[in-house]
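give me a 3D structure for the following:
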Amino acid sequence: MNTDARKLNWNSLTDLRKRALACIHDGQRPSEVASMYGIGRRTIYNWIALYRSGGWGSLDARKRGGRPALLDGKKLQWIYNTVVDKNPLQLKLPFALWTAKMIGGVIEKKFGITLSKASVCRLLAQLGITPQRPVWKAYQQKPEAVQKWLKTEYPRIKRLAKKVHGEIYFADEAGVRSDHHAGTTWAPKGCTPVVQSTGARFSLNVVSAVNAQGEFRFMVVKGTVGAKHFCNFIDRLVQGTKKMVFLIVDGHPAHKSVMVKEKLQELNDRIKMFLLPPYSPELNPDERVWNDLKNNGIGRTVITTPDQMKRAVISFLRLIQKTPKRVMAYFTDKNVAYAM
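Next up is the predicted model:
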């Protein structure tokens, strides 16, 4: 039901304006707030313009007049839609992420209004837009393929596994480097802490597999994980269970190699392998293993030698292996909850 704000008494209108602005400051989209309160989208942006001109007091319906805002409701709506719905590259800007400076430049080019960086940041906050770390996604990813996987292909695999009392595993490979660091530490304000480590760089590769029941298998590999190594991992995987294994992996060349196909044919009664949609690592729960290892394991340790790194990696992966609840927690991420 639409609300005709013109028919409300002053107190009711003031209360409506403030409740609407509070929702926007909490992160709700102006369009959602307008729909929730039954008011027009242009109206909600006009109220934002009022707030910008004089704070919460300016939302008092009894007040009239005052200096007109440089950015009225129509302009604020354009700014909001541009920042939220467009990629800077679409506007022929040099970077894929919005910065306050870029947004200020867009506003100046469109409306001839120059705003400082602080003013742009304040404007964005008043529109309910905050700086956030983006989720990067390959532009080659096909949304229709992802939806087909979620709605058709994976449910089919799940039915097949249930029918034969099999186990579904998600597998992946990753490289770990000695110079990866994560986390924070305490230090006096203004004094950046220094943690000394070796300047040498060395790496270690690992292949692993997880399932939603808390099972975790891994194999450390010297050098690149190729078809031969992946075949060895398949052998280990099927030897570790009496059930049929339904293995889900990405489209890495090693997974589609002739050697792996022959191995799968040889173990046809023990394992079936399926491929995730292309360029969709977020659909693989095993990716969370690498995030855990790099940020909570290696990333917080000073690594000085290849042997030390190998021991540290194996030690942390064994910790994961002995903690089924930790493994199951990987499946609670919203992108992989479908696999639970």
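
only C-alpha atoms for contact and neighbour calcs from this point on.
Will do.

how about the strands of the chain, start to end?
167-177, 203-210, 216-221, 245-249, 271-275 (DSSP state E).

residues contacting the fourth one, please?
In other words, strand 245-249. 157, 161, 166-172, 238, 255, 270-276, 284 (C-alpha atoms under 8 Å, 6 or more residues apart in numbering).

ditto for the third one
Counting by C-alpha under 8 Å, 6+ apart, strand 216-221 makes contact with 204-210, 229, 233, 237, 314, 317, 320-321, 324, 327, all of which sit outside it.

mind listing what it pairs with, with the direction of each?
Using DSSP bridges, strand 216-221 pairs in its sheet with strand 203-210 (antiparallel).

just the buried ones from the contacts of strand 245-249?
157, 161, 166-172, 255, 270-276, 284 (16 or more other C-alpha atoms under 10 Å).

OK, contacts around residue 72?
So residue 72 contacts 45-46, 49 (C-alpha under 8 Å, 6+ apart).

hmm, try it at 7 Å
46, 49 (C-alpha atoms under 7 Å, 6 or more residues apart in numbering).

what does the one 5 residues further on give?
Contacts for residue 77 were tallied using C-alpha under 7 Å, 6+ apart; they are residue 45.

for it, give its distance to residue 48.
10 Å (C-alpha to C-alpha, to the nearest Å).

repeat for residue 28
13 Å.

joint contacts of the two?
With C-alpha under 7 Å, 6+ apart as the test, residue 28 and residue 48 reach no residue in common.

which one's more surrounded, those two?
Legend: neighbour count by other C-alpha atoms under 10 Å for residue 28 and residue 48, higher for residue 48 (27 against 16).

could I get the pLDDT score of the more buried one?
Reading off the confidence values, residue 48 has pLDDT 87.

hang on, the earlier thing: put the buried members of the contacts of strand 216-221 into a ChimeraX selection.
Burial among the contacts of strand 216-221 is assessed by 16+ other C-alpha under 10 Å; the matching ChimeraX selection reads:
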select :204,205,206,207,208,209,210,229,233,237,314,317,320,321,324,327
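
so residue 222 touches residue 206, yeah?
No. With contacts counted by C-alpha atoms under 7 Å, residue 222 stays clear of residue 206, the gap being 8.5 Å.

next, the contact list for the nearest residue to residue 211 once chain neighbours are set aside, please.
If you skip the residues right next to it in sequence, residue 211 has residue 169 as its closest partner in space, 4.7 Å away by C-alpha to C-alpha, 6 or more residues apart in numbering. By C-alpha under 7 Å, 6+ apart, the contact set of residue 169 is 209-211, 246-248.

who does residue 169 form a beta bridge with?
Applying DSSP bridges, one finds that residue 169 bridges with residue 247.
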